[in-house]
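Build me a structure from this.
(3 chains)
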Amino acid sequence: MDKKNKIIFSITIGAIAAVIFITAITVAADLYLPLKDWLKNNFHHHWVGKSVLAVAIFFAVSFFIKLLPINIDDNKTEKVLKLLFWLTIFGSLAIFGFFVWEALLK
Amino acid sequence: MGVLSIFLVVHVISGVIGIFLFGGVALTALKQKPSFKMLRWFSLLGFLALMISWTISGGYYYVTYYGKAIKPIIKAGAMPWVHSIIMEAKEHIFLFLPFLAFLAMLILWFYNESLAEKPKLKSAVAAISFLIMVIGIAMILAGILISGAASR
Amino acid sequence: MDWYTFLIITHLIGTVLGAGGATFAEIFYLKAKRDGVIEPLEIDYLKTIYFILRIGLFILIISGFGFLLLYRLMGNGEALLNSKLWAKLGIVVILVLNAFLIQAKKIPMWLGASISITSWYGALILGAWRTLDASFVSIIIIYIIAVFIVAGILELIKKYLKIPA
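Reported below is the predicted structural model:
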């Protein structure tokens, strides 16, 4: 059970990292065009770049957390799942709000 | 029907199926005695459907066609905000879904029947699946608006 | 048979299973509650009806999107901005969210049942009433009023049949 808990915990942290990354790079790439150009030049399209990097970060962070010598119980797993839930909502609202601001108020 | 039309059809239908299935996961997980077999298979098929909607169909359609052919029409039309706000938000917020779906699926396949003894974890799966469904519904409505705006 | 006819037939099947299922779910629920005790066999019948209702909803949603895709691909994309369509979509979203609220016991049954019945028949009427020319807001206002009217009717039926609360 502990092993399963740790895997789920690691993957949840990986998902959290992916959500934070997607939110950050969405805003950053629109505000700092050289970043968008870099994504386009290296991945053919900026959106493909964001997708690929998000997947890479997800797996890298999950793998890294899995290797750490930490004990994970049900409580910790439930806490990070809750954090993921709220971060996803926040990230969605942040992205939507950013594009509203950029389109109408910038 | 051209090749691009097929990609659009596959994108929409697989996305709708994926979202419906995760809605099913959320609803089933809320029950006191859910069918764990149903939860496992709904989550797996839902994840696969979302992956098809993201990569093979939607991604290809978006990268090869939308930017060149649809985006200019919307931006020049009566509702340019549909691209600058709705489509931009949709293409980025959607990226959250595969990770959430993968996680929900993994929890259900890892724990299976023993999830019955972990009510908080079961609730977390229900909550995440519900979130996938809600975000998914927003994606669907956004997609309808985008397709409509492309005709104006 | 062309795609449009196929989608009409499929959509109708979904409507029959869904609206019919919702109607009989309410009828059987009231029947089951009449003696104050919902027995295992009655629960089993209700579970079967809800299962069929969800299949109906799935068929309805997939065929509905089939229509939207058909309009889009046949160059009639403007239809996707129709106010009646968006009202129907809104009602279907409310129907789905209502199912969750009922399952999670976060909504009183009198309201949940009324939203379910009104939503199914509301979507059916909006789909069938081809010549209806109304704004999104006016349709939704009428829908909300209808929810409370239907709730009132269901309460009257419960009182007449002496069904305990």
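
rest of the way, CA atoms for contacts and neighbours
Fine.

residue closest to the middle of chain A?
Geometric centre of chain A, nearest residue: residue A:18, 1.8 Å, by CA atoms, centre = their mean.

who's in contact with that one?
Contact partners of residue A:18, counting by CA atoms under 8 Å, 6 or more residues apart in numbering or on different chains, are A:54-55, A:57-58, B:96, B:99.

now residue C:95
Neighbours of residue C:95 in contact, by CA under 8 Å, 6+ apart: C:115-116, C:119-120.

if we go to 6 Å?
C:116, C:119 (CA atoms under 6 Å, 6 or more residues apart in numbering or on different chains).

cool, and residue B:49?
B:14, B:18.

try residue C:19
Counted by CA under 6 Å, 6+ apart, residue C:19 has contacts residue C:120.

Which helix or which strand is home to it?
Here residue C:19 sits within helix C:3-33, counting by DSSP states H and E.

got the buried residues for that helix?
If you call a residue buried by 16 or more other CA atoms under 10 Å in any protein chain shown, then helix C:3-33 has these buried ones: C:7-8, C:10-26, C:28-33.

what's downstream of it, the next helix or strand?
Criterion used, DSSP H and E; the element after helix C:3-33 is helix C:40-73.

mean confidence score for that next one?
Mean per-residue pLDDT for helix C:40-73: 93.

do you know how far residue C:157 is from chain B?
29 Å (CA to the nearest CA, to the nearest Å).

which one among the contacts of residue A:18 gets closest to chain C?
Nearest to chain C among these, counting by CA to the nearest CA, is residue B:96 at 21.1 Å.

Count the neighbours of the closest one for me.
24 (other CA atoms under 10 Å in any protein chain shown).

ok, now residue C:162?
12.

same thing with residue A:7?
Number of residues near residue A:7 (other CA under 10 Å) recorded here: 22.

If I look at it, what pLDDT would I see?
In this prediction, residue A:7 carries a pLDDT score of 94.

What is the neighbour count of residue A:41?
Residue A:41, neighbours per other CA under 10 Å, totals 12.

Could you say which helix or strand holds it?
helix A:33-43.

Could you tell me how far the very next helix or strand once past that helix lies from the centre of the chain?
Later in the chain than helix A:33-43, the nearest helix or strand by DSSP H and E is helix A:46-67. Distance of helix A:46-67 from its chain centroid, counting by CA atoms, centre = their mean, to the nearest Å, is 8 Å.

Let me see the contact set for residue A:10.
Shown in contact with residue A:10 (CA under 6 Å, 6+ apart): A:62, A:65-66.

Nearest to chain C, out of these: which one, please.
Closest to chain C, out of all of those and judged by CA to the nearest CA, is residue A:62, at 31.7 Å.

coming back round to it: which strand or helix spans the residue nearest to the centre of chain A?
Using DSSP H and E, residue A:18 falls in helix A:2-31.

now that helix against helix A:46-67, angle please.
On the basis of axes from the mean of the first three to the mean of the last three CA atoms, to 10 degrees, helix A:2-31 is oriented at 150 degrees to helix A:46-67.

Same question for helix A:2-31: list its buried residues.
Within helix A:2-31, the residues that qualify as buried are A:5-23, A:25-27, A:29, counting by 16+ other CA under 10 Å.

could I have stretch A:39-59 exported to CSV, CA atoms only?
What follows is stretch A:39-59, C-alpha atoms only, in CSV (Å, rounded to 0.1, in the frame of the first residue of the first chain):
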residue,chain,number,x,y,z
LEU,A,39,8.9,27.3,-28.8
LYS,A,40,7.8,27.6,-32.5
ASN,A,41,11.4,27.2,-33.7
ASN,A,42,12.1,24.1,-31.6
PHE,A,43,8.7,22.4,-31.8
HIS,A,44,7.2,23.5,-35.1
HIS,A,45,4.3,25.2,-33.2
HIS,A,46,4.2,27.0,-29.8
TRP,A,47,1.3,24.9,-28.6
VAL,A,48,3.1,21.6,-29.5
GLY,A,49,6.1,22.9,-27.5
LYS,A,50,3.9,23.7,-24.5
SER,A,51,2.3,20.2,-24.7
VAL,A,52,5.6,18.4,-25.0
LEU,A,53,7.3,20.3,-22.3
ALA,A,54,4.3,19.8,-19.9
VAL,A,55,4.5,16.1,-20.5
ALA,A,56,8.3,16.1,-19.9
ILE,A,57,7.9,18.1,-16.7
PHE,A,58,5.1,15.8,-15.5
PHE,A,59,7.2,12.7,-15.9
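
How much space separates the residue of chain C most remote from its centre from residue B:5?
Going by CA atoms, centre = their mean, the residue of chain C most distant from its centre is residue C:75, 29.6 Å out. The gap separating residue C:75 from residue B:5 is 12 Å, by CA to CA, to the nearest Å.

what's the burial count for residue B:3?
9.

can you check residue B:138 too?
Residues near residue B:138, counting by other CA under 10 Å, number 15.

what's the most distant pair in the contacts of residue A:18?
A:57 and B:96 (12.9 Å; CA to CA).

Okay, angle between the host helix or strand of residue C:95 and helix C:40-73 too, please.
In the assignment (DSSP H and E), residue C:95 maps to helix C:83-103. Helix C:83-103 runs at 150 degrees relative to helix C:40-73, counting by the same axes, to 10 degrees.

And helix C:83-103, what's buried?
C:83-92, C:95-103.

With only the CA atoms kept, save that helix in PDB.
The C-alpha coordinates for helix C:83-103 follow below in PDB (Å, rounded to 0.1, in the frame of the first residue of the first chain):
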ATOM      1  CA  SER C  83     -30.100  31.300 -29.400                       C
ATOM      2  CA  LYS C  84     -32.500  28.300 -29.300                       C
ATOM      3  CA  LEU C  85     -29.600  25.900 -29.700                       C
ATOM      4  CA  TRP C  86     -27.700  27.600 -26.800                       C
ATOM      5  CA  ALA C  87     -30.700  27.500 -24.600                       C
ATOM      6  CA  LYS C  88     -31.000  23.800 -25.300                       C
ATOM      7  CA  LEU C  89     -27.300  23.300 -24.500                       C
ATOM      8  CA  GLY C  90     -27.700  25.300 -21.300                       C
ATOM      9  CA  ILE C  91     -30.700  23.100 -20.300                       C
ATOM     10  CA  VAL C  92     -28.700  19.900 -21.000                       C
ATOM     11  CA  VAL C  93     -25.800  21.200 -18.900                       C
ATOM     12  CA  ILE C  94     -28.200  21.900 -16.000                       C
ATOM     13  CA  LEU C  95     -29.700  18.400 -16.500                       C
ATOM     14  CA  VAL C  96     -26.200  16.800 -16.200                       C
ATOM     15  CA  LEU C  97     -25.200  19.000 -13.200                       C
ATOM     16  CA  ASN C  98     -28.600  18.200 -11.500                       C
ATOM     17  CA  ALA C  99     -27.800  14.500 -11.700                       C
ATOM     18  CA  PHE C 100     -24.600  15.100  -9.700                       C
ATOM     19  CA  LEU C 101     -26.400  17.200  -7.100                       C
ATOM     20  CA  ILE C 102     -29.000  14.500  -6.700                       C
ATOM     21  CA  GLN C 103     -26.400  11.800  -6.400                       C
END
